[in-house]
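# 3D, please:
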Amino acid sequence: MWKRNYKTIIVLLSIIISASLAKGENKSNNNINTPTYDVIIVGGGFSGLTAAYHLKRKNVLVLEKKEAIGGRCISGNWNNFHYPKGTEYIGKPESYMKKLFRKLNIQATQIPAPTDGVAYKGKFFFGEKILDYLSPEEQKQYTQLQRKLKELADEDIEDIIFDKQQRLSEYTALDNLSVKEWLNKNGYSSLIQKFIDVENRGLFGTDNANCSMLFNIPEMAFDLPLVESINKSEVYSFNHGMFSVAEALGKRLGNHLITGAEVLSVMVNKDNSISVTYTKNGKQYHANAKAAIMATPAPITGYLVKNHLSPEVKKILSEVSYSQYATINFFTKRRLLHQTWSVSCIDEGEVVTLYDATRPQVTKDYRGKSILSVYMAPEDAYNQSFVNQSDKQFIENAYQTLNKYYPDFNNEVIDYSITRFKYAFPIFSPKYVETIKILTNDSTLDGPIFLAGDYMVYATVDGALISAEVAAKKARSYLRMLNNQHFTIERK
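Model prediction:
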């Protein structure tokens with residue numbers, strides 16, 4: 001009897017021990033060997049890096065899929081020159097940006113004037129003749145347009161977009177119109193509209209027909225060149241291009257930044273903690289956190305966050321579209337563009353802007369080896385196959401344009417570098433105010449998940465940086481609330 005019971009006890013003990021070991025193994029995977037952070041930030045572009053900087057007193061981890069940080073603000077080196085592969089410049093740093101750059105100990109430098117030019121029908125238009133591609137009547141229209149944009153800009157629209165988003169609904173009439181509709185309504189000529197279309201595709205990757213007039217006003221008012229201010233510069237960059245900002249932010253993170261880390265999922269657990277699964281070099285890893293900031297393009301964020309978000313937020317994230325663009329940096333035997341820094345190519349299809357990438361790094365009379373940057377964007381912002389073109393197609397399209405302005409351009413080229421951006425700019429299409437309203441007011445975004453990215457504010461560097469500051473502020477408040485709850489429970 002005892003022997004039979006003994007055997008039964010042994011079997012039961014074996015089962016209990018095995019279960020205990022299995023449970024212990026799971027516990028080890030989830031807790032003991034899994035690092036825990038205050039905040040995990042997914043995405044190492046400007047938004048993700050800036051959010052991490054604002055949370056520098058917390059235990060933070062940044063996971064970036066690519067081997068290089070910076071998002072669309074990356075750069076390269078050739079012949080001792082630095083050249084942008086993506087975003088070229090910013091306006092004069094003020095308020096928030098000025099403060100951030102000072103803290104990072106980096107200083108934006110003014111790109112030498114003149115900075116504007118126009119290419120049209122095989123001719124360049126520079127300096128005091130920059131508007132000579134327009135007829136006298138069209139020049140009058142252009143002046144009227146500048147005046148009208150200034151009036152609209154003076155209504156504090158820029159401040160509302162960046163700092164007072166709760167007031168955006170006051171401007172739904174402008175948000176309901178595309179730039180094309182507004183220009184047609186006000187009777188501007190097709191050539192002026194072409195110029196603005198090229199400017200918008202260069203700035204936002206978005207054509208007039210697909211861009212909300214409300215969100216275009218600040219850039220249009222800033223970017224249309226004025227003959228009387230042709231010798232003034234309102235554009236800035238850094239010694240290593242815009243990548244200098246990402247570089248400075250990345251240095252502050254040290255081993256709290258992991259590149260080449262592809263996030264597979266972000267889960268909100270029953271206790272509202274965060275579990276992140278990612279791969280690096282073919283191996284799978286897990287990390288836990290009290291909160292997460294998603295600084296990835298909207299559709300990717302919607303895909304990675306597996307639960308917690310409301311159906312409305314998931315729907316909105318999936319519907320935010322991104323324009324694509326590509327840059328070609330041509331390394332040339334001599335400096336071809338020296339009269340100005342940038343040239344808007346009005347009638348050249350996918351080629352929208354030329355940049356003298358060496359301008360901030362050489363003297364005016366320099367004529368040696370140089371870099372000519374070519375910015376290319378689809379004519380329709382919703383063209384999602386643009387970056388799938390082959391190198392050969394991109395080069396042929398660029399040569400077709402450049403040979404009109406620089407005969408035998410092919411023979412000037414020593415080498416080139418092509419960079420593609422699948423998620424370049426969020427398309428701020430008409431009625432985008434509703435998108436922002438949902439993404440800023442939905443209760444499922446009050447924690448532990450927070451969103452950062454230019455699609456939350458404005459499709460520029462400013463928008464990316466400001467969205468990061470807001471997300472970091474919300475995350476800090478959320479962590480403070482958790483600490484207060486913990487303290488209250490301990491006291492009880």
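# can we go C-alpha only for contacts and neighbour counts from here?
OK.
# Do I have it right that Ala209 meets Asn176?
No - when contacts are counted by CA atoms under 8 Å, Ala209 is not listed as touching Asn176 (11.9 Å).
# what number of residues lie near the nearest residue to Arg72 once chain neighbours are set aside?
Distance criterion CA to CA, 6 or more residues apart in numbering; nearest residue to Arg72, sequence neighbours excluded, is Gly86 at 5.1 Å. Look at Gly86: counted by other CA atoms under 10 Å, it has 26 neighbours.
# Same question for the one 4 residues further on.
Taking other CA under 10 Å as the neighbour definition, Ile90 ends up with a count of 17.
# Would you check how far apart the residue nearest to Arg72 and Leu226 are?
For Gly86, the distance to Leu226 (CA to CA, to the nearest Å) stands at 26 Å.
# can you check Ala475 too?
Taking CA to CA as the measure, Ala475 falls 43 Å from Leu226.
# Could you list which residues are in contact with Thr301?
Met294, Ala295, Leu317 (CA atoms under 8 Å, 6 or more residues apart in numbering).
# go with 10 Å
When contacts are counted by CA atoms under 10 Å, 6 or more residues apart in numbering, Thr301 touches Val42, Gly43, Ser265, Val266, Ile293, Met294, Ala295, Lys314, Leu317, Ser318, Leu451, Ala452.
# Checking my notes, the fourth one in a helix, right?
No - Val266 sits outside any helix when classified using DSSP: H, G, I helix; E, B strand; the rest coil, being strand.
# Need the three-state assignment for the residue nearest to Arg72.
With three-state DSSP as the basis, Gly86 sits in coil.
# Am I right that it is in contact with Leu203?
No - between Gly86 and Leu203 there is no contact under CA atoms under 10 Å: 11.2 Å.
# Against Pro299, how distant is Tyr432?
16 Å.
# no no, Met213
Met213 is 24 Å from Pro299, by CA to CA.
# Repeat that for Glu262.
For Glu262 relative to Pro299 (CA to CA), the value is 15 Å.
# try Lys58
From Lys58 over to Pro299 (counting by CA to CA), the distance is 28 Å.
# Helix, strand, or coil at the closest residue to Ser212 other than its chain neighbours?
Using CA to CA, 6+ apart and skipping residues adjacent in sequence, the residue nearest Ser212 is Pro430, 4.2 Å away. Under three-state DSSP, Pro430 falls in the coil class.
# Now for Pro430: which residues touch it?
Pro430 touches 172-179, 209-215, counting by CA under 10 Å, 6+ apart.
# Okay, helices next: where are they in the stretch 51-200 of the chain?
For the stretch 51-200 of the chain, the helices defined by DSSP state H, counting those that start in this stretch cover 95-104, 136-153, 157-163, 172-175, 179-185, 190-203.
# out of these, deepest packed?
Most buried of the helices of the stretch 51-200 of the chain, by mean neighbour count (mean count of other CA atoms under 10 Å): helix 190-203, with a mean of 21.
# can you pull the buried residues of the helix ranked longest in the chain?
Identified as the longest helix of the chain according to DSSP state H is helix 461-491. Of the residues in helix 461-491, those buried under the neighbour-count criterion (16 or more other CA atoms under 10 Å) are 461-472, 474-476, 478-479.
# so what does it touch, helix or strand wise?
strand 36-42, helix 46-54, strand 90-91, helix 95-104, helix 157-163, strand 283-294, strand 449-451 (3 or more CA pairs under 10 Å, 6 or more residues apart in numbering; DSSP states H and E).
# For Phe386, which of the ones you listed is the nearest?
Comparing the helices and strands packed on helix 461-491 against Phe386 with CA to CA, the closest turns out to be helix 46-54 (24.0 Å).
# low-scoring pLDDT stretches of the chain, where are they?
Residues of the chain that meet the criterion pLDDT under 70 lie in 1-32, 486-492.
# List the neighbouring strands of the strand or helix carrying Thr279 plus their orientation.
Secondary structure from DSSP states H and E places Thr279 in strand 274-280. As defined by DSSP bridges, the strand partners of strand 274-280 come to strand 262-268 (antiparallel), strand 283-294 (antiparallel).
# Output those in TSV; the columns should cover distance to Tyr53 and mean neighbour count.
Below are the strands paired with strand 274-280 laid out as TSV (distance: least, CA to CA, whole Å; neighbours: other CA atoms under 10 Å):
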stretch	distance to Tyr53	mean neighbour count
strand 262-268	21	20
strand 283-294	13	21
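# Quick one: closest of the ones you listed to Lys404.
strand 262-268 (43.4 Å).
# Just the C-alpha atoms of that closest one, please, in PDB.
Output in PDB follows, covering the C-alpha atoms of strand 262-268 (Å, rounded to 0.1, in the frame of the first residue of the first chain):
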ATOM      1  CA  GLU A 262      13.700  45.400 -36.500                       C
ATOM      2  CA  VAL A 263      10.800  45.500 -34.200                       C
ATOM      3  CA  LEU A 264       8.200  42.700 -34.700                       C
ATOM      4  CA  SER A 265       5.600  43.600 -32.200                       C
ATOM      5  CA  VAL A 266       4.600  46.000 -29.400                       C
ATOM      6  CA  MET A 267       2.200  44.500 -26.900                       C
ATOM      7  CA  VAL A 268       0.300  46.100 -24.000                       C
END
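# just how off-centre is it within its chain?
21 Å (CA atoms, centre = their mean, to the nearest Å).
# who touches it?
Contacts of strand 262-268 (CA under 10 Å, 6+ apart): 40, 42-43, 63-66, 273-282, 284-292, 294, 301, 303-309, 447-449.
# How many neighbouring residues does Asn269 have?
11.
# Please verify my assumption that it contacts Val305.
No - contact criterion CA under 10 Å: Asn269 and Val305 do not qualify, at 11.7 Å.
# in stretch 293-311, what's buried?
Across stretch 293-311, burial judged by 16+ other CA under 10 Å covers 293-299, 301-302, 304-305, 308-309.
# a markdown table for the helices of the stretch 51-200 of the chain, including distance to Pro426?
Output for the helices of the stretch 51-200 of the chain, formatted as a markdown table (distance: least, CA to CA, whole Å):
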| stretch | distance to Pro426 |
| --- | --- |
| helix 95-104 | 21 |
| helix 136-153 | 22 |
| helix 157-163 | 15 |
| helix 172-175 | 15 |
| helix 179-185 | 16 |
| helix 190-203 | 12 |
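# And these: which comes nearest Phe222?
Using CA to CA, the helices of the stretch 51-200 of the chain put helix 136-153 closest to Phe222, at 8.8 Å.
# Please consider this matter closed, and thank you.
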